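*Asks:* Dropping a prediction and its sequence here:
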2 protein chains.
Amino acid sequence: MSQRDAIVLLSGGLDSATTLAIARAEGFRCHCLSVDYGQRHRAELEAAARVARSVGAAEHRVVSLNLSVFGGSALTDTCLGVPTGGSAPDTIPITYVPARNTILLSLALAWAEVLGAQDIFIGANAVDYPGYPDCRPEYLAAFERMANLATRAAVEGRPTRIHAPLIALTKADIIRRGVALGVDFGLTVSCYQADEAGRACGVCDACLFRRKGFEEAGLPDPTRYA
Amino acid sequence: MSQRDAIVLLSGGLDSATTLAIARAEGFRCHCLSVDYGQRHRAELEAAARVARSVGAAEHRVVSLNLSVFGGSALTDTCLGVPTGGSAPDTIPITYVPARNTILLSLALAWAEVLGAQDIFIGANAVDYPGYPDCRPEYLAAFERMANLATRAAVEGRPTRIHAPLIALTKADIIRRGVALGVDFGLTVSCYQADEAGRACGVCDACLFRRKGFEEAGLPDPTRYA
């Protein structure tokens, strides 16, 4: 059987690195896509390139998109502060990027069609981020249905599958899974405001989630803190 | 009643100019969005700015997105030629941009959420472009269903509506409708390979469709040809 191609959305963080390792373990030839959408934590994009090489991706491409033209998120609007110390659990945090996963999946769909790939992997997770509507299984199912009416490939009988292998895992589960697959989490950056060397602040929500995950997994935290 | 906000996808071509005029006539305060996705026909973007001003849009913003990183379309891949002289009617033309409307609508959805707008207008048309899967009503309905699971606004009870007022019109119908609403089609550019001054080639598929539309509408063609 010839190896199948997959698009893997790769942010450079812990979740997408594990997602890439899972796609590789399932036998896919992985084409990694990062989107430079004007996010503050640019260190993540450099981390994405390191992770792609380390896990053995076929290639890694970066699409630039100036989402900051719209404003509205602490991750792209430099007038809003990044929250620290833990957000309320059931609210949508200010770091929410409007329609982010819809945009990321749409770009992945475009590249998939050009390559003839039918599989798209995304590290969406509904456990740690209950406030993000576009991390829920019913959203991903609706995207897949839409995608299968959208493209020439679908019209010609080659449907798209959206894979979200982390959707129901806790952060600790994701870390255990990644370590079991050989992911070097020291290469990844999760921090919303990492410095230019990729060192984490240790106090933003993303850092708190990540640190707690390593504690709960009972594994050493390889994060480089500033 | 306060005026409602709408996002209008505006390419600078004939269809989207008419769509904007319809949205204005329906009473919407129109926020126009153009996407610079590396298309060859950059004159369209300048036309979009002129059309937005002329029709009375509230604002016009341009998002840049280097889709050419993926290749695969004559409109973004400079290695492929633009077809002239008429494509076969039921095939998908090489000028098809992979997942184009999905990407455009996703970006509109992001801006809509930031603005609190619930209405998105797109000039999709299923009559002249039967080969484009993402111009069909069933595709647009699936996008709307997906959008209503994707955003904070939808979760909070403010659903998104996708309007495609041209979906079932012929090019001649669109032209008659636009003229009735006062659209100056001399400001629009449809040509796939317009020159820097916005003058049309007269031989690409887009030029042929447009010329035929004016003939069938029995109206003078204000297009500036090179």
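*Replies:* Structure's in. What do you need?
*Asks:* how many degrees apart are the lengthiest helix in chain A and helix B:100-115 in direction?
*Replies:* In chain A, assigned by DSSP state H, the helix with the most residues is helix A:100-115. Here helix A:100-115 points in a direction 170 degrees away from that of helix B:100-115 (axes from the mean of the first three to the mean of the last three Cα atoms, to 10 degrees).
*Asks:* Restricting to C-alpha, output helix A:100-115 in PDB.
*Replies:* The C-alpha atoms that make up helix A:100-115 are tabulated as PDB, following Å, rounded to 0.1, in the frame of the first residue of the first chain:
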ATOM      1  CA  ARG A 100      -9.500  30.500  14.300                       C
ATOM      2  CA  ASN A 101     -10.000  26.800  13.700                       C
ATOM      3  CA  THR A 102     -12.400  27.500  10.800                       C
ATOM      4  CA  ILE A 103      -9.700  29.500   9.200                       C
ATOM      5  CA  LEU A 104      -6.900  27.000   9.900                       C
ATOM      6  CA  LEU A 105      -9.000  24.100   8.600                       C
ATOM      7  CA  SER A 106     -10.000  26.000   5.500                       C
ATOM      8  CA  LEU A 107      -6.300  26.600   4.700                       C
ATOM      9  CA  ALA A 108      -5.500  23.000   5.300                       C
ATOM     10  CA  LEU A 109      -8.400  22.000   3.100                       C
ATOM     11  CA  ALA A 110      -7.000  24.200   0.200                       C
ATOM     12  CA  TRP A 111      -3.600  22.600   0.500                       C
ATOM     13  CA  ALA A 112      -5.100  19.100   0.900                       C
ATOM     14  CA  GLU A 113      -6.900  19.600  -2.400                       C
ATOM     15  CA  VAL A 114      -3.800  20.800  -4.200                       C
ATOM     16  CA  LEU A 115      -1.800  17.700  -2.900                       C
END
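*Asks:* gap between it and the chain center?
*Replies:* Centroid separation for helix A:100-115 versus its chain: 13 Å, with Cα atoms, centre = their mean, to the nearest Å.
*Asks:* pull the helix or strand with minimum mean pLDDT from chain A.
*Replies:* Between all helices and strands in chain A, the lowest mean by mean pLDDT, DSSP states H and E belongs to helix A:152-155, at a mean of 85.
*Asks:* and that one with chain B, contact?
*Replies:* Yes. When contact is scored as Cβ under 8 Å from any Cβ of the partner chain, part of helix A:152-155 falls within range of chain B: A:152, A:154-155. All C-beta atoms are positioned from the backbone trio N, CA, C, and that covers glycine.
*Asks:* and which of the residues you listed is nearest to residue B:56?
*Replies:* Of all these, the one sitting nearest residue B:56 is residue A:152; the distance, using Cβ to Cβ, is 36.7 Å.
*Asks:* who wins for neighbours among the residues of helix A:152-155 next to chain B?
*Replies:* residue A:154 (20 neighbours; other Cβ atoms under 10 Å in any protein chain shown).
*Asks:* quick one, what contacts that residue?
*Replies:* The neighbourhood of residue A:154, defined by Cβ atoms under 8 Å, 6 or more residues apart in numbering or on different chains, consists of A:147-148, A:160, B:133.
*Asks:* Of those residues, which pair is most distant in space?
*Replies:* Distance extremes for the contacts of residue A:154: the farthest pair is A:160 and B:133 at 12.0 Å, using Cβ to Cβ.
*Asks:* For the host helix or strand of residue A:47, list every residue counted as buried.
*Replies:* Secondary structure here is read from DSSP states H and E; on that basis residue A:47 sits in helix A:43-55. Burial within helix A:43-55, assessed by neighbour count using 16 or more other Cβ atoms under 10 Å in any protein chain shown, is assigned to A:43-52, A:54-55.
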